[in-house]
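Q: whatever this is, show me its structure:
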Amino acid sequence: MKPPKLVPYPESDATNLLLIRHGATPPNEQRPYILQGCGINPSLSESGQKQAAALGQFLFSTSPIHHVYSSPMIRARETAEAVCKPQGLTPGVVPEIHECDVGLWEGKSWDIIMQEFPEAYEAFMHDPHLNRYEGGESYGDVLNRAEPALQNLLDQHLGETIVVVAHNVVNRVYLARLLGLEISKAKDIAQTNTGINLIRYQQGETKVITMNSIFHLNGVPH
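A: As a prediction, the model looks like this:
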């Protein structure tokens, strides 16, 4: 007997969105880890490939998926392809949900950033909503480009369940918006590699149902 669907088919006037962070990459696994942003564009690491495969199998066994979308970045596309494989789907690409541009901090760890850009670091940590990564985007910039694209998908897919594979900062700022938090607090929202956020859109209202679920990673490095 197949397990019950954890995400049932939505009503005709509702959309289920499974918003997922991509699988791990080598920069994610460095210690101290470095900021990869949108300029460093690696494939998934070996652990990331295992996470993505586990995610794909989990969603295939527990959720009816109608469409899969991803950021154009390699790590997101590879994760989306792993979700699509057991479903027999092909992922679409949404350019507006690429990871944050971290500017001059790309490829650097936070301890190096603190040393080289002390004033900009303090400003960013105080309010990343308004203060940008040096030479890059702020959290507000990311939200302004990603939120309309995600809303467009919610409007397009009433009566369906969709998967969107995006990134740490993209997911955080969008979740903060939906939860009614100050966008500056988005950096405190945990997003594990391949963590699943279930979001439900119905009659103009968007609600977060679950956040950062990682049941599929039992026994998988993360």
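Q: which residues in the protein form strands?
A: With DSSP state E, the ranges of strands along the chain come out as 14-21, 67-70, 92-93, 161-166, 196-202, 205-213.
Q: deepest-packed of these, please.
A: Greatest average neighbour count among the strands of the chain goes to strand 161-166 (a mean of 27), per mean count of other Cβ atoms under 10 Å. Bear in mind the C-beta positions are built from the backbone N, C-alpha and C, glycine included.
Q: what's it packed up against?
A: Secondary-structure packing of strand 161-166 (3 or more Cβ pairs under 8 Å, 6 or more residues apart in numbering; DSSP states H and E): strand 14-21, strand 67-70, helix 74-87, helix 139-156.
Q: in its sheet, what does it sit against?
A: Sheet partners assigned to strand 161-166 using DSSP bridges are listed as strand 14-21 (parallel), strand 67-70 (parallel).
Q: mind putting the ones you listed into TSV with distance to residue 137 and mean pLDDT?
A: Listed next are the strands paired with strand 161-166 as TSV, based on distance: least, Cβ to Cβ, whole Å; pLDDT from 0 to 100:
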stretch	distance to residue 137	mean pLDDT
strand 14-21	18	98
strand 67-70	19	98
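Q: just so I know, which of those strands lies nearest residue 109?
A: Taking Cβ to Cβ, strand 14-21 is the member of the strands paired with strand 161-166 nearest to residue 109, at 19.8 Å.
Q: list the buried residues of the helix or strand bottoming out on mean pLDDT in the chain.
A: Ranked by mean pLDDT, DSSP states H and E, the weakest helix or strand in the chain is helix 26-29, scoring a mean of 92. Going by neighbour count (16 or more other Cβ atoms under 10 Å), the buried part of helix 26-29 is 26, 27, 28.
Q: for residue 123, what are its contacts?
A: Contact analysis of residue 123 by Cβ atoms under 8 Å, 6 or more residues apart in numbering lists residue 131.
Q: now it: how far from residue 209?
A: With distances taken as Cβ to Cβ, to the nearest Å, residue 123 is found 35 Å from residue 209.
Q: kindly report the same for residue 168.
A: To residue 209, residue 168 is 20 Å away according to Cβ to Cβ.
Q: and for residue 67?
A: According to Cβ to Cβ, residue 67 stands 19 Å off from residue 209.
Q: swap in residue 176?
A: To residue 209, residue 176 is 16 Å away according to Cβ to Cβ.
Q: with residue 78 instead?
A: Here residue 78 is placed at a distance of 26 Å from residue 209 (Cβ to Cβ).
Q: how about residue 33?
A: For residue 33, the distance to residue 209 - Cβ to Cβ - is 29 Å.
Q: before we move on, the earlier item: which stretch among the helices and strands packed on strand 161-166 comes nearest residue 220?
A: With Cβ to Cβ as the measure, helix 74-87 is the member of the helices and strands packed on strand 161-166 nearest residue 220 (12.3 Å).
Q: I'm done for today, thanks for sticking with me.
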